[in-house]
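>>> generate a structure from the sequence data that follows.
(one chain, ligands or ions: 3)
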Amino acid sequence: MKFSVKFHNNLEKQNTTCIVVGIFESRRLSLAAEQLDTISNGYIRSILHRGAVQGKICQTLLLHDVPNIRSKCILIIGCGKTSDMNIKQYKTVIDKTISTLNDTGIAEAICFLTDLNVHIKGYSTYWKVRHTVEVSHEALYRFHYLKSKKVAPLLSLRKLTLNIPTRREIIIGANAMHHSLAVVAGIKIAKDLSNMPPNICNATYLSLQAQQLSELYSNTMTTYSVGEKKMTELGMHAYLAVGRSSHNESLMSVIEYRGHKDKNARPIVFIGKGVTFDSGGISLKPAEGMGEMKYDMCGAASVCGIMKVVAELRLPLNIIGVMAGCENMPGGYAYRPGDVITTMSGQTVEILNTDAEGRLILCDTLTYVERFKPEIVIDIATLTGACVVALGHHHSGLLSNYNPLAKELMVAAEQSGDYVWRLPITEDYQKQLESNIADMKNIGGKYAGAITAACFLERFTRRYHWAHLDIAGTAWRSTTNKGATGRPVSLLSQFLINRSNLNEQIESTQ
Ligand code: BES
Ligand code: MN
Ligand code: ZN
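Ligands and ions are numbered 1, 2, ... in the order given. Predicted coordinates:
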């Protein structure tokens, strides 16, 4: 599907299949609907007064052959109460618009919903474009690579032009479109990788994705991977223990992007948990829902997605993405509850549950990345079921050892609508990890599991500013609309866009 932005002044002359305009409750016309009504000599109002469509949220009305209008049809979409218009309602309206256009078999449309008077902070033209593209992309996403019969394309909608309300704002609109297209390309990579089954998507597959990406952007990107032999030399015994019983080799894939004018400027490092299948190991998970543990590499997939966005936008930063790939399986060679393992940092860990494996691969990766002298390290992991208990499926967990970084992430989350909620890390929680025979245990007991998992990681991050995103509840959906969400690519792309000051020269994005 093709997206574009344009400033349209003559509505009647638009020779497209469909024009999309909004109406609010009690038949209050939006600006564009008002214009169409005038051009058509009151046709729109008269139809509305005859029918049942009053502008309730997501009501739709498709009008054909409207007098004096060249476009074949007009889609009127209910936007609810003006006073209720907020980020969520706007996205709901866009989602409904896209599915209606697509289901109706419309191939081309010009969307005037960008003129809705949304007075809430963060609703500049920039953000309306960004959200429209991201929501449309989400609504039209399908994963059909593995169907034996090639399904006829589900998508009839091929071209969507977003109207930019004023000529003055066209640069802002084009800039927003440029950012959006990069972000949705990154989200698509993350979703496709995440949805891929674990017999195909193993750690080697992840490293192939890294290679492909860096070949595409060879001017700015390089990649290499660290296998089991090298890990042994480095003393990454926690990481190695997790993958020990799998036939698929553990592989840590590193993607380096140098976009800063100073190639040696300290980088921002992203680390993604890439457990391509988490059976639980000897502490085997119950059968029900185990198939969903193919998603235990969503963190790594999001890192791949973020690197795509970074390269596509040529951000003026140095950024390193690390996908920590491996598979957690039971077997005769598996690590066991009771084992004590020495991590790369030298700290020892008493394993009490082999299903708390994410923190073990991450702790060695966190130590490994010290060599990059990072300004910031952010890890992204489907780390704990406890995070799902705490926050459900709407907010990702955010934990950090550095308040300014946590705040930056919270701002980016609000802007992108890819929400996070901060949880504490304190000494009191650290106590839950104390072991009588090693430096720490790998589990912290029944309570505050998302926090104690982060406390574990925190012990390996004392050399830099660090944040941890627990995406166990947000990375995929298991009920309606099953599949990967691509989160938190949108959040982290925004975090990086903000850091790059890209929008400063154009206009504030607020
Ligand atoms: N990958 C899981 C976490 C998970 C569970 C994510 C369910 C999404 C849905 C992780 O490796 C795990 O198994 N964590 C354990 C930790 C426990 C043994 C301390 C958990 O959450 O049960
Ligand atoms: Mn596990
Ligand atoms: Zn796991």
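
>>> contacts only, for L362.
Residues near L362 by C-beta atoms under 8 Å, 6 or more residues apart in numbering: 271, 273, 324, 379, 381, 383, 457, 460. C-beta: built from backbone N, CA, C; applies to glycine.

>>> if we use 7 Å, what do you get?
Counting by C-beta atoms under 7 Å, 6 or more residues apart in numbering, L362 touches 271, 273, 324, 379, 381, 457.

>>> what's the local residue count around the fifth one?
The local packing count at A381 equals 32, with neighbours defined by other C-beta atoms under 10 Å.

>>> likewise for the third one?
For A324, the number of neighbouring residues by other C-beta under 10 Å comes to 34.

>>> and it, how far from ligand 1?
13 Å (C-beta to the nearest ligand atom, to the nearest Å).

>>> what is the helix or strand encompassing that residue packed up against?
For A324, the element it lies in under DSSP states H and E is strand 318-328. Helices and strands touching strand 318-328, by 3 or more C-beta pairs under 7 Å, 6 or more residues apart in numbering; DSSP states H and E, are helix 203-216, helix 237-243, strand 251-258, strand 268-278, helix 298-313, helix 358-368.

>>> can you redo the contacts of L362 as JSON lines with pLDDT and distance to F495?
Shown next, in JSON lines, are these (pLDDT from 0 to 100; distance: C-beta to C-beta, whole Å):
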{"residue": "I271", "pLDDT": "99", "distance to F495": "15"}
{"residue": "K273", "pLDDT": "99", "distance to F495": "19"}
{"residue": "A324", "pLDDT": "99", "distance to F495": "20"}
{"residue": "D379", "pLDDT": "99", "distance to F495": "14"}
{"residue": "A381", "pLDDT": "99", "distance to F495": "17"}
{"residue": "L457", "pLDDT": "99", "distance to F495": "19"}
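
>>> chain center to the helix or strand following the strand holding A324: distance?
From strand 318-328 onward toward the C-terminus, using DSSP H and E, the following helix or strand is strand 340-342. How far strand 340-342 lies from its chain's middle: 34 Å, per C-alpha atoms, centre = their mean, to the nearest Å.

>>> hmm, who's touching strand 340-342?
With contact meaning C-beta under 7 Å, 6+ apart, strand 340-342 is reached by 235, 237-238, 241, 348-351, 437-438.

>>> neighbouring strands - and their directions - for it?
Using DSSP bridges, the strands paired with strand 340-342 are strand 348-350 (antiparallel).

>>> what does the strand it pairs with contact?
Here strand 348-350 has contacts from 238, 340-343, 435, 437-442, using C-beta under 7 Å, 6+ apart.

>>> does that strand reach ligand 1?
No. Judged by C-beta under 6 Å from any ligand atom, strand 348-350 stays clear of ligand 1, getting no closer than 13.0 Å.

>>> over to stretch 380-392?
Yes. Using C-beta under 6 Å from any ligand atom, we find that stretch 380-392 touches ligand 1 at 382-386, 388.

>>> can you give me the end-to-end span of that stretch?
17 Å (C-alpha to C-alpha, to the nearest Å).

>>> which strand or helix spans L160?
Using DSSP H and E, L160 falls in strand 159-163.

>>> strand partners (parallel or antiparallel) of that strand?
strand 2-6 (parallel), strand 108-111 (parallel).

>>> and those: which comes nearest ligand 1?
Between ligand 1 and these, the shortest gap by C-beta to the nearest ligand atom is with strand 2-6, which sits at 32.9 Å.

>>> which one is I189 nearest to, not counting chain neighbours?
Leaving aside its chain neighbours, I189 sits nearest to G305 (4.5 Å; criterion: C-beta to C-beta, 6 or more residues apart in numbering).

>>> might one say that the one you found is in contact with A190?
Yes. Assessed by C-beta atoms under 7 Å, G305 is found in contact with A190 at 3.3 Å.

>>> tell me, what's touching the two both at once?
Both G305 and A190 are contacted by 486, 489, under the criterion C-beta under 7 Å, 6+ apart.

>>> and the residue nearest to L157 when sequence neighbours are not counted, how many neighbours?
In this structure, L157 finds its nearest non-sequential neighbour in N102, 4.6 Å apart by C-beta to C-beta, 6+ apart. Neighbour count for N102, taken as other C-beta under 10 Å: 19.

>>> quick one: N102 from ligand 1, how far?
Taken as C-beta to the nearest ligand atom, the span from N102 to ligand 1 is 31 Å.

>>> which other residues reach the host helix or strand of that residue?
Following DSSP H and E, one finds N102 within helix 87-103. By C-beta under 7 Å, 6+ apart, the residues outside helix 87-103 that reach it are 18, 20, 22, 57-58, 60, 75, 77, 79-80, 109, 111, 113, 116, 118, 120, 122, 131-132, 135-136, 139-140, 155-157, 417.

>>> how far off centre is it?
Distance, centroid of helix 87-103 to centroid of chain: 19 Å (C-alpha atoms, centre = their mean).

>>> now that helix: average pLDDT?
Per-region confidence: helix 87-103 scores 94 on mean pLDDT.

>>> same thing with stretch 194-204?
98.

>>> could you check whether that stretch is close to ligand 3?
No. On the criterion C-beta under 5 Å from the ion, stretch 194-204 is out of touch with ligand 3, staying 12.2 Å away.

>>> only the buried residues of that stretch, if you could.
194-196, 198, 201-204 (16 or more other C-beta atoms under 10 Å).

>>> and the gap between the residue in the chain positioned nearest to ligand 3 and ligand 2?
Distances between the chain and ligand 3 by C-beta to the ion are smallest at D278, namely 3.7 Å. D278 sits 4 Å away from ligand 2, going by C-beta to the ion, to the nearest Å.
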